[in-house]
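Undergrad: coordinates only, sequence not included:
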């Protein structure tokens with residue numbers, strides 16, 4: 001665990017050009033090769049729905065939801081360059097605003113049918129604040145679909161490799177030591193937050209949600225043929241999806 005200081009907005013502003021370029025070029029392999037299908041399935045039929053995208057980045061998933069018939073998609077992110085990029089490609093039923101998903105005071109109670117958090121909770125110092133805010137802005141019966149790093153992977157997550165570089169097993173250590181973990185992505189230092197599974201579940205329940213489903217994605221054979229680098233997904237749980245209901 002890193003005890004060093006961090007500035008999340010500065011970190012993501014530095015990463016934003018690389019992230020946007022990758023998205024415009026087709027997107028991250030783990031998302032397009034596996035996670036997208038799982039998260040879309042968890043969202044279900046979105047036709048006519050009003051949807052909140054928490055930590056929307058440059059809007060890739062929001063555009064996917066809008067393309068599937070959502071009535072309204074509102075994306076919120078603290079990174080201004082990401083929001084600017086999202087606005088460049090938005091459709092008439094999409095809107096992207098700079099804001100903190102831990103404080104959605106600018107949104108009315110019970111104004112959304114569905115909310116999504118696509119690998120955003122691991123970026124939040126206070127994920128529970130976001131969960132409480134989403135509960136407030138969801139209509140009765142609304143759902144919150146959260147895709148996140150699996151707690152077993154966010155604890156350490158590095159592969160231990162053999163002499164030839166082959167993946168032998170994943171390190172799991174300091175699982176109960178919650179807090180910021182820093183790593184390098186595209187030569188940029190990024191801070192994620194590790195929490196235990198019980199901390200996440202307790203946060204969901206304390207906000208008032210029902211945990212309707214928990215999904216641990218793995219790669220399908222056809223996707224693995226296209227993206228052989230996803231072979232990790234057959235061996236360890238890299239991601240987890242929570243489906244919450246108000």
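TA: Ah, there it is. Note that this is a predicted model, so its numbers are computed, not measured.

Undergrad: So which residues of this protein form helices?
TA: Taking DSSP state H as the criterion, the chain contains helices spanning 8-24, 29-30, 36-43, 60-67, 80-89, 127-137, 151-154, 197-207, 221-226.

Undergrad: Format those helices as TSV; extra columns: distance to residue 171.
TA: Quick note: C-beta positions are derived from backbone N, CA and C, even for glycine. Formatted as TSV, the helices of the chain follow (distance: least, C-beta to C-beta, whole Å):
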stretch	distance to residue 171
helix 8-24	24
helix 29-30	19
helix 36-43	25
helix 60-67	30
helix 80-89	31
helix 127-137	24
helix 151-154	10
helix 197-207	18
helix 221-226	24
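
Undergrad: Any idea which of those helices gets closest to residue 191?
TA: The stretch from the helices of the chain with the least distance to residue 191 (C-beta to C-beta) is helix 8-24; that distance is 6.1 Å.

Undergrad: buried residues in that closest one?
TA: When burial is assessed from 16 or more other C-beta atoms under 10 Å, helix 8-24 yields the following buried residues: 8, 11-16, 19-20, 23.

Undergrad: Show me the shaky parts of this structure.
TA: For the chain, the stretches flagged by pLDDT under 70 are 1-5.

Undergrad: which residue is nearest the middle of it?
TA: The residue at the geometric middle of the chain, judged as the C-alpha nearest the mean C-alpha position with C-alpha atoms, centre = their mean, is residue 119 (1.4 Å).

Undergrad: Spit out the contact partners of the residue lying closest to that one once chain neighbours are set aside.
TA: By the measure of C-beta to C-beta, 6 or more residues apart in numbering, the closest residue to residue 119 outside its immediate chain neighbours is residue 147, 5.7 Å from it. Shown in contact with residue 147 (C-beta atoms under 8 Å, 6 or more residues apart in numbering): 35, 38-39, 116-119, 239-241.

Undergrad: Repeat that for residue 67.
TA: Listed by C-beta under 8 Å, 6+ apart, the contact set of residue 67 reads residue 91.

Undergrad: From residue 217, how far off is it?
TA: Distance, residue 67 to residue 217, by C-beta to C-beta, to the nearest Å: 22 Å.
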